[in-house]
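Q: Model the structure of this input:
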Amino acid sequence: MQTPSFVFFGTPDLAVTILDELKTSGLTPKLIVTAPDRRSGRGMKVTPPPVKIWADEHHVPTLQPEKLDEQFVAKLKEDEWDVFVVFAYSAILKPEVFTIPKYGSINLHPSLLPKLRGPSPIVSAILTDQKETGVSVIRIDGRMDHGPILAQEAVTPTTWPPYVSDLEAQLVHVGGKLLADVLVKLPKGEIEPQEQEHGEASFCHMLQKEDGRIDLADDPYRNLLKIRAYANWPGAYFFTEKNRRAIRVKVVSAHIENTKLILDEVIPEGKKRMSYEDFFAS
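A: As a prediction, the model looks like this:
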């Protein structure tokens, strides 16, 4: 059978890793749907999202709709598609989109569903000390992370707790390979979807800036989990008094030593990254 004709929906750097894994397996989307270019950085320069840059480099046409309206849906319907693949897209798609392709739409979710449904599964796996996590490929059924499982693979990090970027990298590499396998087998009828155990579902929430605040007097291990889980965003931080004023200090790295939390590097408010020893002595 020929390579499946599929559309990829995604936006950030993690989605680029998935695209790289698919291309390595001989699978390149015929179309990519991603977020519009936005102003970013200190100069507020208009910048394309990472997936758009990848698409241009690999000569894949793109759609960057500002609105996911009927005009957008009609555009997708202009061609015949085997599958839609969704990973870390930046907006909520209408249910009618998922029924357009011949074999339906699939999603890669970085958890062992039904565990950790929702928008922050990787961060939440670290926060909740789930030493075994993994990836799931599901058929999209219109409800959040609810559809039947097409493939699943467990991942046990060698270092625990990991920094979130390390766990992300591991999961998306495994997930990209798993997704490639599903894309090849699904049109051949070689996959039997398995209904999730919905009664065992757990959920994670959208991260807020305030989630990163820690109290250094709290349990050391729980604080370490927060520091490593929130390393990308919002960053773990605490408030302390320095020169008779309260300042916010972001924790960059830390470890446990003799059951105590040892801060390695910090970024004090208004200053550059430094060792905690230097900050403490200043």
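Q: export stretch 65-73 as CSV, just CAs?
A: Output of stretch 65-73 as CSV, limited to C-alpha atoms (Å, rounded to 0.1, in the frame of the first residue of the first chain):
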residue,chain,number,x,y,z
PRO,A,65,-6.0,30.0,9.9
GLU,A,66,-6.8,32.9,12.2
LYS,A,67,-10.3,31.4,12.6
LEU,A,68,-11.3,27.8,12.5
ASP,A,69,-14.5,28.7,10.7
GLU,A,70,-16.5,27.1,7.9
GLN,A,71,-14.1,28.5,5.3
PHE,A,72,-11.2,26.6,7.0
VAL,A,73,-13.3,23.4,7.1
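Q: Return the set of buried residues in that stretch.
A: By neighbour count on 16 or more other Cβ atoms under 10 Å, the buried set for stretch 65-73 is 65, 72. Any C-beta I mention is one placed from the backbone N, CA and C, and that applies to glycine too.
Q: Can you tell me what sits against the strand ranked longest in the chain?
A: Secondary structure of the chain per DSSP state E: the longest strand is strand 245-257. Strand 245-257 is contacted by residues 163, 214, 220-221, 223-224, 227, 231, 235-241, 261-270, 273, 279 when judged by Cβ atoms under 8 Å, 6 or more residues apart in numbering.
Q: if we go to 7 Å?
A: For strand 245-257, the external contacting residues (Cβ atoms under 7 Å, 6 or more residues apart in numbering) are 220-221, 224, 227, 235-240, 261-269, 273.
Q: Residue 138 contacts residue 111, correct?
A: No. Applying Cβ atoms under 7 Å as the test, residue 138 and residue 111 come out as separate, 10.7 Å apart.
Q: Which members of the contacts of strand 245-257 are classed as buried?
A: For these, a neighbour count by 16+ other Cβ under 10 Å gives the buried set as 220, 224, 227, 235-238, 261, 263, 265-268.
Q: Could I get those residues in JSON lines, plus columns for secondary structure?
A: Formatted as JSON lines, the buried ones among the contacts of strand 245-257 follow (DSSP: H, G, I helix; E, B strand; the rest coil):
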{"residue": "220", "secondary structure": "helix"}
{"residue": "224", "secondary structure": "helix"}
{"residue": "227", "secondary structure": "helix"}
{"residue": "235", "secondary structure": "coil"}
{"residue": "236", "secondary structure": "strand"}
{"residue": "237", "secondary structure": "strand"}
{"residue": "238", "secondary structure": "strand"}
{"residue": "261", "secondary structure": "strand"}
{"residue": "263", "secondary structure": "strand"}
{"residue": "265", "secondary structure": "strand"}
{"residue": "266", "secondary structure": "strand"}
{"residue": "267", "secondary structure": "strand"}
{"residue": "268", "secondary structure": "strand"}
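Q: And the helices in this structure?
A: 13-24, 50-57, 70-76, 95-98, 121-127, 164-185, 220-229, 276-281 (DSSP state H).
Q: Nearest to residue 33, out of those?
A: Between residue 33 and the helices of the chain, the tightest spacing by Cβ to Cβ is seen for helix 70-76, at 8.0 Å.
Q: Report all helices and strands that that closest one contacts.
A: Applying 3 or more Cβ pairs under 7 Å, 6 or more residues apart in numbering; DSSP states H and E, one finds that helix 70-76 makes contact with helix 95-98.
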